[in-house]
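Asker: Kindly return the folded structure for what I paste below:
(chains A, B, C and D)
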Protein chains: 2
Amino acid sequence: MSRTNPNFLNGVPELLVLKLLSRREMYGYEIVKAIEEDTGETLTFGEGCIYPCLHFLEEKKLVSSRRKDVRGRSRNYYQLTRRGAERLEELNTDWDRVTAGISLLMRNKHA
Amino acid sequence: MSRTNPNFLNGVPELLVLKLLSRREMYGYEIVKAIEEDTGETLTFGEGCIYPCLHFLEEKKLVSSRRKDVRGRSRNYYQLTRRGAERLEELNTDWDRVTAGISLLMRNKHA
DNA sequence: TTGACATACCTATTTGTTTGAGGCATCCTC
DNA sequence: GAGGATGCCTCAAACAAATAGGTATGTCAA
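Answerer: The predicted structure follows:
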């Protein structure tokens, strides 16, 4: 976790997943589609990225899950935990700092 | 290069290096320090990241280099090429799209 | 009813980037 | 002359994400 750089980019999937779950419980497949849609088709994280991410988050107690059967389909719904909400705060701050830092360098006119 | 996602994050060092070189020629060690300073200590890319990046950029003809002796020190100064300037435009656009996309999802209030 | 496609879950392998640690040499300061 | 900053470099490892695979059910149309 504590690296030289806040895991700016690698942490993006984690950030987006936590953010989505902060609004309502969702299941994996739904999250994959939501990231595509909600970012205006800019970002696409495959299932091979999101599912392991969810498992990792659950292991770290940042999300919890429950099975739910919907129209003959078995879905794994994930909810944000209190710790997850705290983690989201952190990542959010990190992301803002990173974009601010890059923005600083990019707009810097001097020399 | 052409991945599902524009190489948002992995491409950050490349973006910053090209941007710095678009202002004036610089040498490796200087770039490493400049990234730290100009991002307000937010980002730190080690020499093990920046030097290979420079070599890669040179190989791809996005930058060129020349030796220069300054105060008994031999420095490798890099300049942006025309192609490098074009590449910078691309990465800049990509970065803006990515941050816009993430921003979209993060600020999205619905559902 | 069969075939295609979307839904829904999962994991293993590969690819790629960055970190961390090292090595080398010169210069300056104490 | 020792330590630290400067200046270059590379390799091994850690890690994240992409790719590609696997399973199963539902729906729709031919």
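Asker: Could you identify the longest helix within chain A?
Answerer: Scanning chain A for the helix with the most residues, using DSSP state H, yields helix A:82-107.
Asker: Against which helices or strands is that helix packed?
Answerer: Judged by 3 or more Cβ pairs under 8 Å, 6 or more residues apart in numbering or on different chains; DSSP states H and E, helix A:82-107 is in contact with helix A:12-21, helix B:12-21, helix B:28-38, helix B:82-107. C-beta coordinates here come from the backbone N, C-alpha and C atoms, glycine included.
Asker: Between helix A:12-21 and the longest one, find me the angle.
Answerer: Between helix B:82-107 and helix A:12-21, the angle comes out at 20 degrees (axes from the mean of the first three to the mean of the last three Cα atoms, to 10 degrees).
Asker: how about helix B:82-107, does it reach DNA strand C?
Answerer: No: Helix B:82-107 does not reach DNA strand C (Cβ under 7 Å from any atom of the strand); its nearest approach is 11.7 Å.
Asker: Okay, angle between that helix and helix A:28-38 too, please.
Answerer: Using the same axes, to 10 degrees: helix B:82-107 against helix A:28-38 is 120 degrees.
Asker: Could you see whether DNA strand D lies near helix B:82-107?
Answerer: No: figure legend: helix B:82-107 not in contact with DNA strand D (Cβ under 7 Å from any atom of the strand); closest approach 11.4 Å.
Asker: again, but for the second one
Answerer: No: using Cβ under 7 Å from any atom of the strand, helix B:12-21 stays clear of DNA strand D, with a minimum separation of 12.3 Å.
Asker: Dump that helix to PDB, restricted to CA.
Answerer: Extracted in PDB, the C-alpha atoms of helix B:12-21 (Å, rounded to 0.1, in the frame of the first residue of the first chain):
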ATOM      1  CA  VAL B  12       2.000   8.900 -17.000                       C
ATOM      2  CA  PRO B  13       5.800   8.900 -16.800                       C
ATOM      3  CA  GLU B  14       6.000   9.100 -20.600                       C
ATOM      4  CA  LEU B  15       3.500  12.000 -20.600                       C
ATOM      5  CA  LEU B  16       5.400  14.000 -18.000                       C
ATOM      6  CA  VAL B  17       8.700  13.400 -19.600                       C
ATOM      7  CA  LEU B  18       7.500  14.600 -23.000                       C
ATOM      8  CA  LYS B  19       5.800  17.600 -21.400                       C
ATOM      9  CA  LEU B  20       9.000  18.600 -19.600                       C
ATOM     10  CA  LEU B  21      11.000  18.200 -22.800                       C
END
